[in-house]
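**Q** Any chance you can model this:
(one chain, ligands or ions: 2)
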Amino acid sequence: MNRTTARIISGVLGIALGLLIAFVFFADLNKGEENASSNKSKAEKVFVPYGELDEYYMMASGGHSGQLFVYGVPSMRKIRTVPVFTPDPATGYGYDDKTKEMLGGYTWGDFHHPAISETAGDYDGEFLFANDVGNNRVAAVDLSNFHTTDIMSLPNMGGPHAGVFVTENTEYIALPTRFARPLGDEYAPLDKYEEEYKGVVSMTTFDREKKKFDLAYQVVLPPWSYDLSDAGKKMSSDWIVMTTYNTEFATTNQEINASQHDRDYIVMMNWKKLEEAVKAGAGNDIKGTTMIDPRDVKGAIFAVPVAKSPHGVDVTPDGTRFIAAGKLAPMMTVFSFEKAFEAIEKENFKEETFGIPVLGYEDVMEKEVDPPGALGPLHTQFDDRGNAFNTMFISSEVVKWNIESGEVIDRTPSYFSPGHASATEGDTVSPDGKWLVALNKIAKDNFLSVGPSHPESMDLIDISGEKMEHIMAVPVDPEPHYAQIIHRDKINPIKVYEKDEDRENSVWKQEDARIERKGNEVHIYGIAMRSKFIFDASAERQDAVSVKQGDKVFFHMTNIDLDQDITHGFGINDYNLNFEVQPGQTNTLEFTADKAGVYPIYCTNFCSALHQEMSGYLLVEPK
Ligand code: K7E
Ligand code: CUA
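**A** Ligands and ions are numbered 1, 2, ... in the order given. Reported below is the predicted structural model:
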């Protein structure tokens, strides 16, 4: 039997064992669920009576839908889809001028990891950041109105999968790359992988006043693949830690070739030191981006060996440790920042790779936690009592264990194959230990069938007691990667947009609605209100616009209804256009009227008893 066959056989046995364990757990829980009173007490825990609100917002990644899904916890009711990287006809996102420009022509994105802005290590509820693995972008959602406010493209990246995560005061939003590529979008054959291809981490900043990103600098790293990483806290707040796989430099057949080594690395990077170095002029200019080479800045970047192909690394709430979850090694490894700092201080390095000093595994590792039969650990979450929770992808369960002692406290099944889990306030310095949601890749037979491809699923687990209690499973659109759960008191959305008479293109008095023509441009400064459109107050038909075929048309619409939830839509029949104006908002729709004819305009958002009457005409005279 050769090594590959042995590996495959042991893999198959592992999966079979995992399924058996999941089945035993499932059978066990089914028995429990026959108990009507237990079901009743579970239902009571998640029932939110009419007129009351959920205690938490769950901000969940929408994966390759490119959207953000907002849920209420504990009811698990879906509240809103927020378009981030993808156009959305329901809200006109990607149709109006500003959002169209932000999307930059892309029609999809792959959003994995939301990160809420932090102050002193706690979610502050102001902004949410998102990564796009599909098209190398980072986005910010303004949580005062749940709108995407900025998107920035990142050069030199091959899918920023290993972000986003923020430093303690949102000084940086970090995004390490998944795939290595040649710098500067250059060409290089795969045979030149080790020399020409680079792993890159992007360190971006976000200006909360201007609501805009900036790319502060990038660091060029070995062409390993980087996976979900985390920022330090408290004693480790100057650091970020990143897991890697494919230290084998496989350029083909990764599933076998990138799993050869028994150890990959965790990269530790001191962003404070790098920030100082950049200020002092370090870094090369790669097409306008400041690129730091670890060889040029000593004492800022180190590597720690870790069990093969880890998937996630998470820093404990007190900031003293980082925990790697093994994926291919069935264990969690606890590393100590204190030990790492000591080894760095003493320059106790085992070797150097790509100019990066490598610390000794035994010198930094504190303990290995290996629950019997638990397979495929991916990510770690925390409660307020010193416990960690790990998702086990292969054995389909969540394992609770104590960080200090390493003792396994409880295990509960999930349905099925959890990727991430998210605990209430889970990534902060003060998680509150109430709920955990397992975000599963598979739902199997949990829900009414909708054909061969089932929805994904999420499990709500009560973690407030010593034992975890599985409460319920709910379906979710693909693809649940990560989520953050924040207490509702920290989110303060505005009720309506403030009336601002100086706002560009806005019109507030009905008599001011007008049409201005400049050459072949037609600017309509219009009003949307219950229950009519006013495009031109001086015209006989105030809700009709006549243009010539080929004209550039700009509908600048202001919604002058300053009442909560009175949003007006604006659809143009047969022109493939729709956008919206929320209460008090001004929005612009720009297009070329290249089709002659008569096109009804109508409000697409039900706004009053006379909503159906809220309409008008676009008349396009043939050339
Ligand atoms: Cu799905 Cu965080 Cu992209 Cu793990 S990742 S599961
Ligand atoms: Cu405005 Cu319907």
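**Q** How about the residues of the stretch 301-450 of the chain by ligand 1?
**A** By the rule C-beta under 6 Å from any ligand atom, the part of the stretch 301-450 of the chain lying against ligand 1 is H311, G312, L378, H379, G419, H420. Using the backbone N, CA and C atoms, a C-beta is placed for each residue, glycine as well.
**Q** could those residues go into CSV alongside secondary structure?
**A** Converted to CSV, those look like this (DSSP: H, G, I helix; E, B strand; the rest coil):
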residue, secondary structure
H311, coil
G312, strand
L378, strand
H379, strand
G419, strand
H420, strand
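**Q** ok, these vs ligand 1, which is closest?
**A** Compare each of these with ligand 1 using C-beta to the nearest ligand atom and the shortest gap goes to G419, at 2.6 Å.
**Q** So the closest one is in contact with V476, correct?
**A** No. Here G419 lies out of contact with V476, judged by C-beta atoms under 8 Å, at a distance of 11.7 Å.
**Q** Which residue, other than its chain neighbours, is closest to E194?
**A** F249 (5.4 Å; C-beta to C-beta, 6 or more residues apart in numbering).
**Q** Name the residues of this structure found near ligand 1, please.
**A** H112, H113, H161, L228, H311, G312, L378, H379, G419, H420, H481, Y482.
**Q** please redo it, this time with the cut-off set to 5 Å
**A** Counting by C-beta under 5 Å from any ligand atom, the chain comes close to ligand 1 at H112, L228, G419, H481.
**Q** Quick check: chain neighbours aside, which residue is closest to I461?
**A** The nearest residue in space to I461 (C-beta to C-beta, 6+ apart) is L436, at 4.5 Å.
**Q** next one: S336
**A** E366 (4.5 Å).
**Q** that older thread, would you reformat the residues of the stretch 301-450 of the chain next to ligand 1 as JSON lines and include neighbour count?
**A** Formatted as JSON lines, those follow (neighbours: other C-beta atoms under 10 Å):
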{"residue": "H311", "neighbour count": "21"}
{"residue": "G312", "neighbour count": "25"}
{"residue": "L378", "neighbour count": "22"}
{"residue": "H379", "neighbour count": "24"}
{"residue": "G419", "neighbour count": "22"}
{"residue": "H420", "neighbour count": "25"}
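**Q** now these in CSV, with pLDDT?
**A** Supplementary listing: those in CSV, determined by pLDDT from 0 to 100:
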residue, pLDDT
H311, 92
G312, 94
L378, 95
H379, 96
G419, 96
H420, 97
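**Q** Looking at the residues you listed, which is nearest ligand 2?
**A** Distance ranking of those against ligand 2, using C-beta to the nearest ligand atom, places H420 first at 39.0 Å.
**Q** Show the contacting residues for that closest one.
**A** Contacts here follow C-beta atoms under 8 Å, 6 or more residues apart in numbering; on that basis H420 touches G312, L378, H379, T391, A438, L439, P480, H481, Y482, A483.
**Q** Which ones among these map onto strands?
**A** G312, L378, H379, T391, A438, L439, A483 (DSSP state E).
**Q** Low-confidence stretches in this protein?
**A** For the chain, residues meeting the criterion pLDDT under 70 lie at 1-34.
**Q** Kindly recompute the last result at 50.
**A** Filtered on pLDDT under 50, the chain yields the residue ranges 1-12, 20-21, 23-24, 27.
**Q** can you give me the helices in the stretch 351-500 of the chain?
**A** For the stretch 351-500 of the chain, the helices defined by DSSP state H, counting those that start in this stretch cover 361-364.
**Q** what is in contact with G419 and V476 at once?
**A** In contact with both G419 and V476: L439, using C-beta under 8 Å, 6+ apart.
**Q** Distance-wise, check the residue nearest to I461 relative to ligand 1.
**A** With distances taken as C-beta to the nearest ligand atom, to the nearest Å, L436 is found 15 Å from ligand 1.
**Q** any idea how far R321 is from that residue?
**A** For L436, the distance to R321 under the criterion C-beta to C-beta, to the nearest Å works out to 20 Å.
**Q** overlap between the residues of the chain next to ligand 1 and the residues near ligand 2?
**A** The residues of these that also fall near ligand 2, by C-beta under 5 Å from any ligand atom, amount to none at all.
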